[in-house]
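Asker: this is a predicted model, with the sequence first.
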Amino acid sequence: MDTTTLPVRPGTAIDLADLVGKELGPTEWFEITQERVNAFANATGDHQWIHIDVKKAAASPLGGTIAHGLFSLSLGPYLSSQLLALDGFAHGLNYGYNKVRFPAPVPVGSRIRMRVTVVAAEEVGGGIQITTSQVVEREGSDKPVMVAESVARVVAAA
């Protein structure tokens with residue numbers, strides 16, 4: 001899909017159903033900086049050395065600090081909103097994840113972007129449940145750095 005037409009802005013269950021099976025994206029590149037990784041470490045209390053100790057991580061087999069896997073996951077709402085805007089609804093919320101994997105590391109200084117495929121859009125009590133496959137890729141890597149099946153719910157505008 002041509003990213004110049006994104007984000008897609010469906011406002012009804014029918015609009016969402018038309019997107020099932022379609023890949024949206026990719027997003028623009030997002031740079032993973034040490035400052036962002038440190039801020040995530042401070043927000044979560046996860047100060048494992050491979051994320052924040054630049055000197056020690058440089059001597060590791062990875063050759064430097066890497067982003068937390070959960071940092072990559074936490075970028076899901078931000079990145080996916082660039083591809084699928086659910087602003088035609090009263091409100092939406094993250095309902096959870098069915099599957100999450102981190103197949104490859106995200107070294108600090110790298111850039112990532114996301115592709116989203118709408119897997120399902122089903123009417124549920126009071127709204128619509130949207131399941132998407134989110135794939136985050138790192139520039140220059142053959143493997144994705146995160147693959148997740150996200151579940152969101154939106155409530156139709158009155």
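Answerer: Received, thanks.

Asker: the strands in this structure, which residues?
Answerer: Taking DSSP state E as the criterion, the chain contains strands spanning 23-24, 30-31, 89-101, 111-124, 127-138, 144-156.

Asker: TSV for the ones you listed, including distance to residue 40?
Answerer: Heads up, the C-betas are built off the backbone N, CA and C, glycines and all. Rendered in TSV, the data for the strands of the chain read as follows (distance: least, CB to CB, whole Å):
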stretch	distance to residue 40
strand 23-24	25
strand 30-31	13
strand 89-101	16
strand 111-124	14
strand 127-138	15
strand 144-156	14
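
Asker: of those, which is nearest residue 51?
Answerer: With CB to CB as the criterion, residue 51 lies closest to strand 144-156 of these, at 14.3 Å.

Asker: turn the strands of the chain into a markdown table, including mean neighbour count and mean pLDDT.
Answerer: Output for the strands of the chain, formatted as a markdown table (neighbours: other CB atoms under 10 Å; pLDDT from 0 to 100):
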| stretch | mean neighbour count | mean pLDDT |
| --- | --- | --- |
| strand 23-24 | 18 | 93 |
| strand 30-31 | 14 | 98 |
| strand 89-101 | 13 | 90 |
| strand 111-124 | 18 | 94 |
| strand 127-138 | 21 | 94 |
| strand 144-156 | 19 | 93 |
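
Asker: out of those strands, nearest to residue 39?
Answerer: Using CB to CB as the criterion, the shortest distance between residue 39 and these is 13.5 Å, found for strand 30-31.

Asker: sorry, back to before: of all the strands of the chain, which one is nearest residue 80?
Answerer: Taking those one by one with CB to CB, strand 111-124 is closest: 5.2 Å.

Asker: which elements pack onto that closest one?
Answerer: Packing partners of strand 111-124 (3 or more CB pairs under 8 Å, 6 or more residues apart in numbering; DSSP states H and E): helix 13-17, strand 23-24, strand 30-31, helix 76-81, strand 127-138, strand 144-156.

Asker: and the gap between residue 111 and residue 15?
Answerer: Applying CB to CB, to the nearest Å, the value for residue 111 to residue 15 is 31 Å.

Asker: which helix in the chain runs the most residues?
Answerer: Selection of the longest helix in the chain by residue count, based on DSSP state H, yields helix 34-44.

Asker: now do it: distance to the chain's middle.
Answerer: On the basis of CA atoms, centre = their mean, to the nearest Å, helix 34-44 is displaced by 17 Å from the centre of the chain it belongs to.
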